[in-house]
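Participant: sequence and predicted model, in that order:
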Amino acid sequence: MHKEFLMGNAAIALGAVAAGVNVVAGYPGTPSTEVLETVAKYRPDDVYVEWSVNEKSAMELAAGAAYAGARSLVTMKQVGLNVASDPLMSLEYVGVKGGMVILVADDPGPISSQTEQDTRHFSRFSKLPCFDPSSAQEAYEMIQEAFEYSEKYKTPVFLRPTTRVCHGYATIDIKDKSEYYHNKPEGFIKDSKRWVIFPKLSFMNHQKIEARNKELSDVFSSYEKNKLIPACDKYADSKKGIASGGISYTYAMETLKETGMVRHLKVSTPHPFPEKLAVEFLTGLDEVLCLEELDPVIERELIYICGKYHLNTKIIGKLSGDTACAGENTRDSVSNYIHTFLGLDTSKAQEPPEPPALPVRPPVLCAGCPHRASFYAVKTAMKGKKTIFCGDIGCYTLGNAMPLDMVDTCLCMGAGLNIAQGVEKVEPDTTCFAFVGDSTFFASAITGVVNAVYNQANMVLVVLDNSTTAMTGHQPHPGTGRTVMGEIVQKINIEQVLRGIGVTEIETINPLELEASVSCVKRMTEKSGVRAIIFKAPCIAVTKPKAPLHVDQDSCISCKKCIRDLGCPAIVMNDGKICIDASMCTGCHLCSQVCPVCAIAGGDDHE
């Protein structure tokens with residue numbers, strides 16, 4: 001055993017390696033991404049790692065590996081679990097042979113997600129056990145224990161860290177390589193009565209699952225990470241208690257060290273809930289404050305237990321309005337909740353003075369981002385026409401910001417295509433555009449294209465191909481020709497995929513060639529049916545920038561068209577003059593093509 005200073009996600013990854021994981025699959029999504037990347041970096045040679053095309057594929061691959069006796073790990077963020085829910089809901093009825101851990105990172109806030117959905121609900125819905133770590137150290141230990149529980153009970157299990165656990169840093173006690181468990185898969189053994197899901201099998205296994213979860217509730221009441229911490233000092237005879245889980249437990253303990261300890265229930269397994277331990281905690285208490293992020297899962301469980309066992313204990317938290325119903329908890333907000341609950345002076349728990357403001361960094365596309373050119377080309381070509389621009393999930397969602405204002409809808413990955421089809425059926429006189437990135441195209445848009453072609457939609461698909469999965473950290477995808485393990489593989493060509501589906505009108509063009517791009521958009525909108533424009537140019541964050549441009553102040557007429565139309569962060573006003581920040585400019589030359597008096601020049605030659 002030795003110590004390392006690690007991010008929570010890195011600790012989880014090393015915990016999986018120490019547990020003898022054989023197969024790891026996932027789809028990138030903040031705050032989960034670094035788990036798979038760390039396994040790929042530090043894996044033994046016999047561990048297979050892949051970025052799957054989407055979360056459903058990853059879930060099914062991990063299930064297949066577990067069928068064969070491997071220890072498998074599948075990683076995703078909370079909204080990715082929606083994509084993987086089809087195999088998930090059936091997988092519980094089939095079970096596994098090797099240990100299978102489903103890591104789903106929740107995002108209270110949300111900080112970088114569409115929703116604040118709570119994976120603890122999915123755990124209960126799918127009848128799968130769930131582990132909820134309160135720190136990076138605990139996450140490291142829990143994932144190893146999760147594999148053990150999974151194998152013992154022949155079921156997949158959830159590990160549900162939240163953003164501050166995933167991205168927080170701590171000094172972790174981790175195993176030496178000599179202490180790693182090495183799992184040797186038995187291989188797949190044919191048994192259609194076990195592995196082929198039929199109604200009769202589901203009925204029989206459903207009964208077993210309910211019995212197993214009742215047993216696990218008892219087992220988890222003795223699980224060392226579910227704790228009943230006794231009151232002490234001035235609160236030794238108090239009739240008040242606190243129940244918490246996840247990072248909220250860590251925040252609560254920091255405050256209780258200052259105020260004095262009241263009776264405290266730590267819930268590390270929200271499902272199956274440690275009922276016997278909870279009854280022991282509740283007995284003799286008049287009031288309990290629940291501290292948790294996202295939904296009132298612990299609160300509802302305690303209310304249920306009070307009713308079941310006729311305990312006259314008042315449970316407060318999100319449902320009662322005593323804690324916030326949305327957003328993440330902080331050290332200070334939890335301190336305020338506890339001070340109020342205990343009747344202490346809340347002025348001692350007030351948030352500290354605001355630190356000096358950081359420079360404003362609005363959420364906009366990077367300087368030199370080819371998506372800006374793509375959006376501008378479409379906007380220019382369609383000026384004055386009735387249009388709708390259906391967006392998707394990725395960097396290009398930032399195209400909704402002014403002055404581009406080119407994203408009218410955004411729902412979930414791959415939805416833009418189908419939403420555009422729906423609008424077109426209601427408003428056939430509207431030119432409907434669907435924007436999708438290259439990674440999202442492979443993940444969840446192909447079926448939408450098939451649907452559009454089959455059902456004779458009239459729309460323009462715009463693929464923004466920057467040759468990477470940019471927003472989550474430049475992970476490879478099927479169109480990049482490489483894998484997370486560094487293998488060089490065949491590139492899957494988006495244009496060929498579209499032609500294979502039946503899209504006949506396709507043009508591929510560099511969006512930074514503005515005049516040609518505008519003409520391309522105009523041509524394609526004059527046609528009918530499903531047609532596609534592939535704007536192909538590499539992400540500026542992974543390509544070498546060109547020399548910066550500058551504004552010729554003698555030629556500039558200060559019309560501000562470059563600022564008003566593009567919103568590039570490299571173009572700024574300085575002492576009333578338009579200037580280009582050389583430290584940000586990448587030499588893309590989009591602004592030089594927009595300037596009506598050719599006052600922007602320099603950089604590399606632009607053809």
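Facilitator: Nice, I can see it.
Participant: which parts of the stretch 501-607 of the chain are helices?
Facilitator: 514-525, 561-566, 590-594 (DSSP state H, counting those that start in this stretch).
Participant: contact partners for Asn458?
Facilitator: 424, 428, 432, 528-530 (CB atoms under 8 Å, 6 or more residues apart in numbering). Any C-beta I mention is one placed from the backbone N, CA and C, and that applies to glycine too.
Participant: just those residues: which are in strands?
Facilitator: 432, 530 (DSSP state E).
Participant: can you tell me which of the contacts of Asn458 lies nearest to Asp46?
Facilitator: Val530 (45.1 Å; CB to CB).
Participant: surely Ala599 touches His550?
Facilitator: No: counting by CB atoms under 8 Å, His550 is not a contact partner of Ala599; they are 9.6 Å apart.
Participant: more neighbours: which of those two?
Facilitator: Each of Ala599 and His550 has its neighbours counted (other CB atoms under 10 Å); Ala599 has more, 20 against 15.
Participant: so who does the more buried one touch?
Facilitator: Ala599 neighbours (CB under 8 Å, 6+ apart): 551-552, 555-557.
Participant: as JSON lines, those residues with pLDDT and distance to Leu285 would be great.
Facilitator: Below are the contacts of Ala599 laid out as JSON lines (pLDDT from 0 to 100; distance: CB to CB, whole Å):
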{"residue": "Val551", "pLDDT": "94", "distance to Leu285": "69"}
{"residue": "Asp552", "pLDDT": "92", "distance to Leu285": "75"}
{"residue": "Ser555", "pLDDT": "92", "distance to Leu285": "77"}
{"residue": "Cys556", "pLDDT": "94", "distance to Leu285": "72"}
{"residue": "Ile557", "pLDDT": "92", "distance to Leu285": "74"}
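Participant: among the residues you listed, name the buried ones.
Facilitator: Neighbour-count burial (16 or more other CB atoms under 10 Å) applied to the contacts of Ala599 gives 551, 556.
Participant: just send the contacts of Ala599 back as TSV, with distance to Val436 too.
Facilitator: Formatted as TSV, the contacts of Ala599 follow (distance: CB to CB, whole Å):
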residue	distance to Val436
Val551	35
Asp552	38
Ser555	39
Cys556	37
Ile557	38
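Participant: how about the strands in the stretch 401-550 of the chain?
Facilitator: For the stretch 401-550 of the chain, the strands defined by DSSP state E, counting those that start in this stretch cover 431-437, 459-465, 505-509, 530-536, 549-551.
Participant: deepest in the core, which of the helices of the stretch 501-607 of the chain is it.
Facilitator: helix 590-594 (a mean of 22; mean count of other CB atoms under 10 Å).
Participant: which other helices and strands contact that helix?
Facilitator: helix 370-381, helix 514-525, helix 561-566, strand 600-602 (3 or more CB pairs under 8 Å, 6 or more residues apart in numbering; DSSP states H and E).
Participant: right, so of these, which gets closest to Ile305?
Facilitator: Taking CB to CB, helix 370-381 is the member of the helices and strands packed on helix 590-594 nearest to Ile305, at 51.4 Å.
Participant: does Asp581 really touch Val572, like I thought?
Facilitator: Yes: between Asp581 and Val572 there is a contact at 5.7 Å, judged by CB under 8 Å.
Participant: one step back: do you know which of the helices of the stretch 501-607 of the chain lies nearest Lys386?
Facilitator: helix 514-525 (11.3 Å).
Participant: which other residues reach the closest one?
Facilitator: Residues contacting helix 514-525 (CB under 8 Å, 6+ apart): 373-374, 376-378, 380-382, 385, 431, 460, 505, 507, 509-511, 531, 533, 535, 590, 593-594.
Participant: show me which of the contacts of Asn458 are buried.
Facilitator: Using 16+ other CB under 10 Å as the burial test, the contacts of Asn458 include 424, 432, 530 as buried.
Participant: Ser248: which of these is nearest?
Facilitator: Cys432 (44.5 Å).
Participant: same list, the helices of the stretch 501-607 of the chain, but as a markdown table with mean pLDDT and distance to Phe131 please.
Facilitator: Formatted as a markdown table, the helices of the stretch 501-607 of the chain follow (pLDDT from 0 to 100; distance: least, CB to CB, whole Å):
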| stretch | mean pLDDT | distance to Phe131 |
| --- | --- | --- |
| helix 514-525 | 97 | 50 |
| helix 561-566 | 94 | 48 |
| helix 590-594 | 95 | 49 |
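Participant: distance to Val450 for those helices - can I get that in a markdown table?
Facilitator: Formatted as a markdown table, the helices of the stretch 501-607 of the chain follow (distance: least, CB to CB, whole Å):
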| stretch | distance to Val450 |
| --- | --- |
| helix 514-525 | 20 |
| helix 561-566 | 35 |
| helix 590-594 | 34 |
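Participant: hmm, back to that, out of the contacts of Ala599, which sit inside strands?
Facilitator: Per DSSP E, the contacts of Ala599 map to strands at Val551.
Participant: now this protein, which segments are flagged as low pLDDT?
Facilitator: Within the chain, the ranges that satisfy pLDDT under 70 run 348-355, 359-360, 604-607.
Participant: with the buried ones among the contacts of Asn458 in mind, which one is nearest to Asp565?
Facilitator: Nearest to Asp565, judged by CB to CB, of the buried ones among the contacts of Asn458 is Cys432 at 23.3 Å.
Participant: verify the stated contact: the closest one with Gln421.
Facilitator: Yes: under the criterion of CB under 8 Å, Cys432 makes contact with Gln421 at 7.5 Å.
Participant: follow-up on the earlier one: of all pairs in the contacts of Asn458, which one is the farthest apart?
Facilitator: Farthest apart among the contacts of Asn458 - using CB to CB - are Pro428 and Val530, which lie 14.3 Å from each other.
Participant: hey, C-alpha coordinates of stretch 499-518 in PDB?
Facilitator: Listed next in PDB are the C-alpha coordinates belonging to stretch 499-518 (Å, rounded to 0.1, in the frame of the first residue of the first chain):
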ATOM      1  CA  ARG A 499     -24.900   7.300 -49.200                       C
ATOM      2  CA  GLY A 500     -25.300   3.800 -47.900                       C
ATOM      3  CA  ILE A 501     -28.400   4.900 -46.100                       C
ATOM      4  CA  GLY A 502     -29.900   6.500 -49.200                       C
ATOM      5  CA  VAL A 503     -29.000  10.100 -49.000                       C
ATOM      6  CA  THR A 504     -28.000  11.000 -52.600                       C
ATOM      7  CA  GLU A 505     -27.500  14.800 -52.400                       C
ATOM      8  CA  ILE A 506     -24.300  15.300 -50.300                       C
ATOM      9  CA  GLU A 507     -21.600  17.900 -50.500                       C
ATOM     10  CA  THR A 508     -18.400  18.100 -48.400                       C
ATOM     11  CA  ILE A 509     -16.700  21.400 -48.000                       C
ATOM     12  CA  ASN A 510     -14.300  23.300 -45.700                       C
ATOM     13  CA  PRO A 511     -16.500  25.900 -43.900                       C
ATOM     14  CA  LEU A 512     -13.500  28.300 -43.700                       C
ATOM     15  CA  GLU A 513     -13.900  28.800 -47.400                       C
ATOM     16  CA  LEU A 514     -16.800  31.100 -46.800                       C
ATOM     17  CA  GLU A 515     -18.000  32.100 -50.300                       C
ATOM     18  CA  ALA A 516     -18.000  28.500 -51.500                       C
ATOM     19  CA  SER A 517     -19.800  27.400 -48.300                       C
ATOM     20  CA  VAL A 518     -22.500  30.000 -48.700                       C
END
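Participant: pop the domain breakdown of the protein in here.
Facilitator: 2-218, 227-349, 370-542, 549-602 (automatic domain parsing).
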